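Novice: Generate coordinates for the sequence data below:
(one chain, ligands or ions: 2)
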Amino acid sequence: MNLKEDDELCRRALQSGTVLLYHKLSPLLQRTDRGGYKLPIFQVSVVNGMLEKLGKDAEVINSSVLVGCSDSLLAQFCLEVAELEQNAVEELCQGVFTDLRKAFFLLRSSEVPLVTRGQALLRWHQTHSYCSATGKPTQRNQAGSQRVCHSSGITYYPQMAPVVIVLVSDGERCLLARQPAFPRGMYSALAGFCDMGETVLETLRREVAEEVGLEVESAQYSSSQHWPFPQSSLMVACHATVSPGSSQINLSGAELEDARWFTLQEVQEALQRNSPPRDIKGEANVFWVPPSSAIANQLIQEWANQQLKS
Ligand SMILES: NC(=O)C1=CN([C@@H]2O[C@H](COP(=O)(O)OP(=O)(O)OC[C@H]3O[C@@H](n4cnc5c(N)ncnc54)[C@H](OP(=O)(O)O)[C@@H]3O)[C@@H](O)[C@H]2O)C=CC1
Ligand SMILES: [Mg+2]
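Specialist: Ligands and ions are numbered 1, 2, ... in the order given. So this is what the prediction gives:
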């Protein structure tokens, strides 16, 4: 994309582009007429108008970071407005800055990739404003696709950590687990970061062995997803099988609180619960799975569909 290489072109594209707003990395959401939430995408002129009303320098808009391009080929940017008064921006833009984890559950799946990508880029800029070799400030290009230390000559690019997420099956059931920090009742597929130098398959085998003490017989790639929590990961999603005769779970380490085999029927019921029933404390009191925007959900759907076919 030329906009990444050509600062002047990028500045011009910004003038006719669109912007997502974040306050301390929380994206601005708006209520819809139907009581749901949507991700508002503002024309730059609207953001400029808002800055003017708040008495801010129009230059602020130039700190926007390029996120991508819309279907109609309009450049899309994200802007951190932590320096502006949160309530004033919310009022002028008729929205609410919402923690990204919450936004993830509230927005439509189609809006999630854009909002997570924007946050990941803004977070990367916040944590890479100094060169790790010289300690001197780094300078960004107009698109925000890189930062350079002019003292050491090092160019920094946004990074993602590769993670393998794997749905293990014994042919009849699938294995789901929960970490203590998960919302009550939620179980997900096993996941783990790739160690330096590992292949995806090596990570997959090691994580399954480490977390639940099982030996993987076969594995197959499914799909991938950018995941912003806690920092940017590239989730590589796979299916794996273990031999039905060696499916005894052996939980090890402190990471997982529980891991269980679930039947097709249990999984189908969980997939149908868009929002799980809650007790008087507002906590889910049944088994449920991550929402459709999480790749874990997709793996579970694929497994259920496969079981129904066979
Ligand atoms: N999209 C989805 O559907 C799902 C996404 N996930 C995501 O997958 C990711 C990995 O899953 P998780 O089970 O936590 O991972 P792991 O099983 O690898 O265990 C987490 C531990 O890995 C270490 N760690 C943290 N960051 C990194 C890193 N960048 N590189 C290497 N090691 C690291 C930390 O341990 P220490 O500090 O002791 O070294 C951390 O406690 C998480 O970000 C999670 O949010 C998980 C499930 C579903
Ligand atoms: Mg793990």
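
Novice: List the beta-bridge partners for the residue in the stretch 151-300 of the chain that ligand 2 sits nearest to.
Specialist: Nearest to ligand 2 in the stretch 151-300 of the chain, going by CB to the ion, is residue 192, at a distance of 4.3 Å. The way it works is simple: take the backbone N, C-alpha and C, and place the C-beta from them, glycine included. Taking DSSP bridges as the rule, residue 192 bridges to residue 164.

Novice: Report the separation between it and residue 167.
Specialist: 13 Å (CB to CB, to the nearest Å).

Novice: Now residue 242. Nearest residue, chain neighbours left out?
Specialist: residue 214 (4.9 Å; CB to CB, 6 or more residues apart in numbering).

Novice: Check residue 246 too.
Specialist: Per CB to CB, 6+ apart, closest to residue 246 is residue 215, 6.4 Å.

Novice: how near is the closest residue to residue 161 other than its chain neighbours to residue 33?
Specialist: Residue nearest to residue 161 in three dimensions, not counting chain neighbours: residue 233, with 5.0 Å by CB to CB, 6+ apart. For residue 233, the distance to residue 33 (CB to CB) stands at 35 Å.

Novice: coming back round to it: check the contact between the residue nearest to residue 246 and residue 245; I expect there is one.
Specialist: No - using CB atoms under 8 Å, residue 215 is not in contact with residue 245; the gap is 11.1 Å.

Novice: need the helices for the chain, in chain order.
Specialist: Along the chain, counting by DSSP state H, helices occupy 2-5, 7-15, 44-53, 86-93, 100-106, 112-127, 200-212, 264-272, 295-309.

Novice: got the contact list for the fourth one?
Specialist: Translated: helix 86-93. By CB atoms under 8 Å, 6 or more residues apart in numbering, the surrounding residues in contact with helix 86-93 are 21, 23, 28, 30, 40, 42, 50, 53-54, 81, 96-97.

Novice: model confidence over it, on average?
Specialist: Helix 86-93 comes out with an average pLDDT of 97.

Novice: Next, the distance between the ends of stretch 269-284.
Specialist: 14 Å (CA to CA, to the nearest Å).

Novice: before we move on, back to that, neighbour count: residue 215 and residue 245, which is higher?
Specialist: residue 215 (10 against 7; other CB atoms under 10 Å).

Novice: Contacts only, for that one.
Specialist: 205, 208-209, 242-243, 246.

Novice: would you turn these into JSON lines with distance to residue 85?
Specialist: Formatted as JSON lines, these follow (distance: CB to CB, whole Å):
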{"residue": "205", "distance to residue 85": "52"}
{"residue": "208", "distance to residue 85": "49"}
{"residue": "209", "distance to residue 85": "52"}
{"residue": "242", "distance to residue 85": "55"}
{"residue": "243", "distance to residue 85": "60"}
{"residue": "246", "distance to residue 85": "60"}
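
Novice: which residues does the residue nearest to residue 161 bridge with?
Specialist: Beta-bridge partners, per DSSP bridges, of residue 233: residue 161, residue 227.

Novice: just to revisit the earlier point, tell me the pLDDT at the residue nearest to residue 242?
Specialist: At residue 214, pLDDT is 97.

Novice: and the gap between the closest residue to residue 177 other than its chain neighbours and residue 288?
Specialist: Using CB to CB, 6+ apart and skipping the chain neighbours, the partner closest in space to residue 177 is residue 259 (3.7 Å). The spacing between residue 259 and residue 288, counted by CB to CB, is 16 Å.
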